[in-house]
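>>> Predicted model, plus sequence, below.
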Amino acid sequence: MAKILLLFWAFLFFFSNPIKAQELAQDFEKIDQYINNSEADSSLIFLKKIDTTHLPSNYKCLWYLYTAKSFFIKDSMGKAFKSGIEAKKLFLAKDSLEKVFEINLMLLDIIETQKKLEIDAREIRQELDAFASAKKNPLISAKTFGSIADKYLMNDNGPDAIYYYNRAISEYRKLKDTLRIAKIEMNKGAVHATVFKDQDSALYYYKKALPIFEERNLALLISYNHNNQARAYTDQGKYSQALEHYELAHSIELTENNASTRATYFENLKDLYIDMQDYKNAFLYAEKLKSLNDSLNSTAQNIAISDIQTKYETAKKEKANLELKTKVEKKTQAQTILWIGLSLSLIVGFVVSYLIFKNAKRKRLIAHQERELAVQKIEKNLKEQELNTIDLMISGQEKERQRLANDLHDNLGSTLATLKLNFKTLTRNFNEEEAKPILENATVLIDDAYKKVREIAHEKNSGVMAKEGLLPAVEQLARKVSNARGVKITVQGFDLKSRLESGLEITLFRIIQELITNIVKHANATEATVSMTNHRDYLNIIVEDNGKGFDLKKGIGKDGMGLSNIEKRIEHLDGTMEIDTSENKGTSIIIDLPL
């Protein structure tokens, strides 16, 4: 990506001065290579040769960035920080957030490394957090937080390292990336072991990560994990456990970093045996370490010699290429300008085509969104109509119950009462001994009929419209069902001293009545609880039973025991309903309604 940007900026500069622009692009490409190879002195020599007075702004950004990186490699943190701040200002002006993120990581590393540097890193952390949040990509956010945490771990800043490792884990959980989570858990163990000196916590995180590595058969990570556990046990003085984990680490066959990893293990085992005062084995592993280091040094020397030979051959080729380039440069200059012009034309054409495509896509998106809004509006209207229908139905049912109760009480009830009075009068004035028992029996029957009429009237009126309110009505319903059906129903009310709006009380009573009916008919329960709590701003209702439960997907369907109808009523009241159930584990229904 960096090379593409360099070429693009070279194209723009080429248009006014093709020869200088080409040389500038080559210089910056060479600097980039030096920095990637950690050759800071070579990169600084090239950077000092460049005159920044008339340098194009795009290259000026890179000049400060490469200068900062070079000084950072040389451990000249003051100069690196100064150049990094200048680079950050220039990239911010160009809105190059990726580069700003890269610079911020370096600046944070400098601040954490220089212990006596009186600079607050909070602003840089906030910018890094903002970058991760703006991406809205859990993977980018997780890697960002992980990089920040690594900086804090390297500089022995334990609390901040743990904080950002936890944020990285939170993002990886969104991706269900258990392997990366396990790696970070092992890093958290390293924080506890090296910074906090808390070996118990370190072992907890090492052991938490190990099964994930073993499941994936990641030999190197498994080996590292056992080595870390061994170090923790050594610090605790538990030498037998430490030796056991070192042997496990050493027994794993590695395909990468084998020699350097073995050297680390031999060093650790040597130190362990010294702590155990087993000097024979300590000497044995010291000899193994020396032999392995000699082998590594020979390998390193061979690599260094090959590297020198490669650089020598490369230098010869570069010299020959430069001579050849000088000879043909004048002949190819016109062709180069033409090629650059053609490339710029292609770029312009591509940009124009892209803008046209983007505009058409935006129009299609707007049209699609308008169609979706229209569909949503229709669905909303249908839903409102459905809810209004339910309200009208409930209202009609309540009016019909009230009318029936009034008719029974005022008409039939009064008639039976009058008839009863007449019979009592007749009984007092009638002297026939034979007729008296018949009249007394008729009086009893009429009295029974009158009582039943009163019971029907009160039952149809459900108690909600009575003076006591919702809670007494539900308690009365619970007592009747408990007596008649063999299900023990307990009602609990909290802070329900004040009455609710009459229509709301009726609706809530019918909902609870429907839920209790479902328990009696379908749940095969022996116990149930109705809990109602007034939380000032909202009312919470919980209906629970110890019955057989049901399949939630089937329970809300067409034959869903009235739950779908109840849910629509609650939605109409701007409330929510939550169902927690599974087969043979009972059912809990939680309703929250705003007041």
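Perfect, I can see it now.
>>> The residue most central in space within the chain sits in which helix or strand?
The centroid of the chain falls nearest to residue 174 when counting by Cα atoms, centre = their mean (4.7 Å). Using DSSP states H and E, residue 174 sits within helix 158-175.
>>> Enumerate the positions of whichever helix or strand comes after that helix that are buried.
Sequence order places helix 178-194 as the next helix or strand after helix 158-175, per DSSP H and E. By neighbour count with 16 or more other Cβ atoms under 10 Å, helix 178-194 contains the buried residues 180-193. No exception for glycine: its C-beta is placed from N, CA and C like everyone else's.
>>> Let me have those in CSV, adding pLDDT as columns.
CSV is the format used below for the buried residues of helix 178-194 (pLDDT from 0 to 100):
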residue, pLDDT
180, 93
181, 94
182, 94
183, 93
184, 93
185, 93
186, 93
187, 94
188, 94
189, 94
190, 93
191, 94
192, 94
193, 93
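>>> Relative to residue 211, which of the residues you listed is nearest.
Nearest to residue 211 among the buried residues of helix 178-194 is residue 182, at 8.2 Å by Cβ to Cβ.
>>> The closest one reaches residue 212, doesn't it?
Yes: shown here, residue 182 and residue 212 form a contact pair, counting by Cβ atoms under 8 Å, at 3.7 Å.
>>> how about the strands of the chain, start to end?
With DSSP state E as the criterion, the chain has strands at 488-494, 527-534, 538-545, 576-581, 587-594.
>>> Residues touching stretch 232-251, excluding its own?
Residues from elsewhere that reach stretch 232-251 (Cβ atoms under 8 Å, 6 or more residues apart in numbering): 189, 193, 197, 199, 202-203, 206, 223-224, 226-227, 229-231, 262, 265, 268-269, 271-272, 275-276.
>>> Which members of these are classed as buried?
189, 193, 199, 202-203, 206, 223-224, 226-227, 229-231, 262, 265, 268-269, 272, 276.
>>> among those, which are in helices?
Members of the buried ones among the contacts of stretch 232-251 lying in helices (criterion: DSSP state H): 189, 193, 199, 202-203, 206, 223-224, 226-227, 229-231, 262, 265, 268-269, 272.
>>> Tell me who's in contact with the residue lying closest to residue 586 once chain neighbours are set aside.
Spatial nearest neighbour of residue 586, excluding adjacent residues (Cβ to Cβ, 6 or more residues apart in numbering): residue 546 at 4.8 Å. By Cβ under 8 Å, 6+ apart, the contact list for residue 546 reads 525, 526, 527, 528, 586.
>>> And the lowest mean pLDDT element among the helices and strands of the chain?
Ranked by mean pLDDT, DSSP states H and E, the weakest helix or strand in the chain is helix 2-14, scoring a mean of 46.
>>> Might you list the low-confidence residue ranges for the stretch 301-450 of the chain?
Where the stretch 301-450 of the chain drops to pLDDT under 70, the residues are 301-335, 379, 382-403, 405-415, 418-419, 421-422, 425-436, 438, 441.
>>> which non-adjacent residue is nearest residue 540?
Per Cβ to Cβ, 6+ apart, closest to residue 540 is residue 533, 4.6 Å.
>>> and the one you found, what are its bridge partners?
Applying DSSP bridges to residue 533 gives these bridge partners: residue 494, residue 540.
>>> Settle this for me: it is touching residue 471, isn't it.
No: the pair residue 533 / residue 471 is not scored as a contact, 11.1 Å apart, by Cβ under 8 Å.
>>> In terms of neighbours, single out the busier of the two.
residue 471 (19 against 14; other Cβ atoms under 10 Å).
>>> Neighbours of the closest residue to that one other than its chain neighbours, how many?
Excluding the flanking residues, the one nearest residue 471 by Cβ to Cβ, 6+ apart is residue 493, at 4.4 Å. Other residues within reach of residue 493, judged by other Cβ under 10 Å, total 17.
>>> what residues are up against residue 493?
Each residue near residue 493 by Cβ under 8 Å, 6+ apart is listed here: 471, 531, 532, 533.
>>> and residue 283, what pLDDT?
pLDDT for residue 283: 79.
>>> any idea how far it is from residue 289?
Computed as Cβ to Cβ, to the nearest Å, the residue 283 to residue 289 distance reads 11 Å.
>>> neighbour-wise, which of these two wins?
Neighbour count, other Cβ under 10 Å: between residue 283 and residue 289, residue 289 has more, with 19 against 13.
>>> contacting residues around the more buried one?
263, 266, 267, 270.
>>> By neighbours, which of these wins?
Comparing the contacts of residue 289 on neighbour count, residue 266 comes out first with 22 neighbours (neighbours: other Cβ under 10 Å).
>>> Which residue comes closest to that one once chain neighbours are left out?
residue 289 (4.1 Å).
>>> Repeat that for residue 178.
Closest residue to residue 178 apart from its sequence neighbours, by Cβ to Cβ, 6+ apart: residue 212 at 5.5 Å.
>>> Does that neighbour touch residue 177 like I think?
No: with contact defined as Cβ under 8 Å, residue 212 does not count as touching residue 177 (10.4 Å).
>>> what about the two, which has more around it?
residue 212 (20 against 17).
>>> what sits against that one?
Here residue 212 is in contact with 178, 179, 181, 182 (Cβ under 8 Å, 6+ apart).
>>> now the third one: how far from residue 73?
Relative to residue 73, residue 181 is positioned 32 Å away (Cβ to Cβ).
>>> since we're on residue 593, how many residues are nearby?
When neighbours are defined as other Cβ under 10 Å, residue 593 has 19 of them.
>>> Now do it, the pLDDT please.
Here the pLDDT value assigned to residue 593 is 93.
>>> measure the nearest residue in space to it that is not next to it in sequence to residue 591 for me?
Of all residues beyond its chain neighbours, the one nearest residue 593 is residue 575 (3.8 Å), with distances taken as Cβ to Cβ, 6+ apart. Residue 575 is 6 Å from residue 591, where distance means Cβ to Cβ.
>>> now stretch 538-553: how far from the chain's centre is it?
Remark: stretch 538-553 is offset 29 Å from the chain centroid, using Cα atoms, centre = their mean, to the nearest Å.
>>> how about it: buried residues?
Neighbour count says stretch 538-553 has 539, 541, 542, 543, 544, 545, 546, 547, 549, 550, 552 buried, by 16+ other Cβ under 10 Å.
>>> Quote the end-to-end distance of that stretch.
28 Å (Cα to Cα, to the nearest Å).
>>> higher neighbour count, residue 575 and residue 591?
residue 591 (24 against 18).
>>> related to what we said a few turns ago, could you work out the most separated pair of the contacts of residue 212?
It's 179 and 181 that sit farthest apart of those, by Cβ to Cβ, at 7.2 Å.
>>> tell me the contacts of residue 149?
Contact analysis of residue 149 by Cβ under 8 Å, 6+ apart lists 160, 161, 162, 163, 164, 165, 168, 184, 187.
>>> So which of these wins on neighbours?
Counting neighbours by other Cβ under 10 Å, the top entry in the contacts of residue 149 is residue 168, with 26 neighbours.
>>> Quick check: that residue vs residue 193, distance?
Residue 168 is 19 Å from residue 193, by Cβ to Cβ.
>>> Surely residue 265 touches residue 227?
Yes: using Cβ under 8 Å, residue 265 is in contact with residue 227, at 6.2 Å.
>>> Return the set of buried residues in stretch 281-292.
With the criterion 16+ other Cβ under 10 Å, stretch 281-292 contains buried residues 282, 285, 286, 288, 289, 292.
>>> whoops, stretch 64-81 was the one
64-73, 76-77, 80-81.
>>> For these, give me TSV that also has distance to residue 245.
Formatted as TSV, these follow (distance: Cβ to Cβ, whole Å):
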residue	distance to residue 245
64	48
65	44
66	45
67	46
68	42
69	39
70	42
71	42
72	37
73	36
76	41
77	38
80	40
81	42
